[in-house]
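Participant: Okay, here's the prediction I keep looking at, along with the sequence it came from:
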Amino acid sequence: MARRLAAQAVAIGGMAFATMAPAQDRAVDEAIVAACFDTAPRGGITTDCIGLAARLCEDADRPTTVGTMSCTMAETAAWDAILNREYKATRDQFADMPGLSDTLLTAQRAWIALRDADCKFAYDRYDGGSMRSVAAGFCQMEHTARRALELKKMRGY
């Protein structure tokens, strides 16, 4: 999972997430991410808790770019696991409806392209500054979380 996220990150504008993670390997409390997902209403998407696990993971006394990225990548991995579970459940729910699971696959591929383009833009905006990796990493996390919540919402109808 972490390798796939690192590969995605490197593919987006050449960001160096993969080289940063081992220096300060951080863990997030995945229960915080799960609670964020579980308490989100099916009819709407609440984003207040996205990023909370990463913020709590960071060293409050001495935050560093590497530490922030490591925590953001860890939370993104937790959201990615939820997204994959929700995507499968959503496809399974619509499997009996001709063509609908294929339409969802097409939509998911388009979402991936949108996420990648948005996060490349977030990275490129900072033109060489250290903030570019933080912005792109947060973009990946937020897009992944929002998509997981959107899939949850789809299954509610």
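Facilitator: Arrived safely, thanks for sending.
Participant: distance between stretch 81-94 and the chain's centre?
Facilitator: In terms of C-alpha atoms, centre = their mean, to the nearest Å, the centre of stretch 81-94 is found 15 Å from the chain centre.
Participant: Show residues contacting that stretch.
Facilitator: Contact with stretch 81-94 is made by 1, 33-34, 37, 100-101, 104-105, 108, 144-145, 147-148, 151-152, 154-155, as judged by C-beta atoms under 8 Å, 6 or more residues apart in numbering. The way it works is simple: take the backbone N, C-alpha and C, and place the C-beta from them, glycine included.
Participant: Now do that stretch, average pLDDT.
Facilitator: Across stretch 81-94, pLDDT averages out at 95.
Participant: out of the contacts of stretch 81-94, which are inside helices?
Facilitator: For those, the ones inside helices are 33-34, 37, 100-101, 104-105, 108, 144-145, 147-148, 151-152, 154-155, with DSSP state H as the criterion.
Participant: circling back to that earlier point, and the contacts of stretch 81-94, which of them are buried?
Facilitator: With burial judged by 16 or more other C-beta atoms under 10 Å, the buried subset of the contacts of stretch 81-94 is 33, 37, 104, 108, 144-145, 147-148, 151-152, 154.
Participant: export the residues you listed to TSV and tack on pLDDT?
Facilitator: Output for the buried ones among the contacts of stretch 81-94, formatted as TSV (pLDDT from 0 to 100):
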residue	pLDDT
Val33	93
Phe37	91
Leu104	95
Gln108	97
Thr144	97
Ala145	95
Arg147	96
Ala148	95
Leu151	93
Lys152	90
Met154	89
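Participant: Kindly reformat those as JSON lines containing distance to Phe121.
Facilitator: Formatted as JSON lines, those follow (distance: C-beta to C-beta, whole Å):
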{"residue": "Val33", "distance to Phe121": "25"}
{"residue": "Phe37", "distance to Phe121": "26"}
{"residue": "Leu104", "distance to Phe121": "26"}
{"residue": "Gln108", "distance to Phe121": "20"}
{"residue": "Thr144", "distance to Phe121": "16"}
{"residue": "Ala145", "distance to Phe121": "18"}
{"residue": "Arg147", "distance to Phe121": "17"}
{"residue": "Ala148", "distance to Phe121": "22"}
{"residue": "Leu151", "distance to Phe121": "24"}
{"residue": "Lys152", "distance to Phe121": "26"}
{"residue": "Met154", "distance to Phe121": "26"}
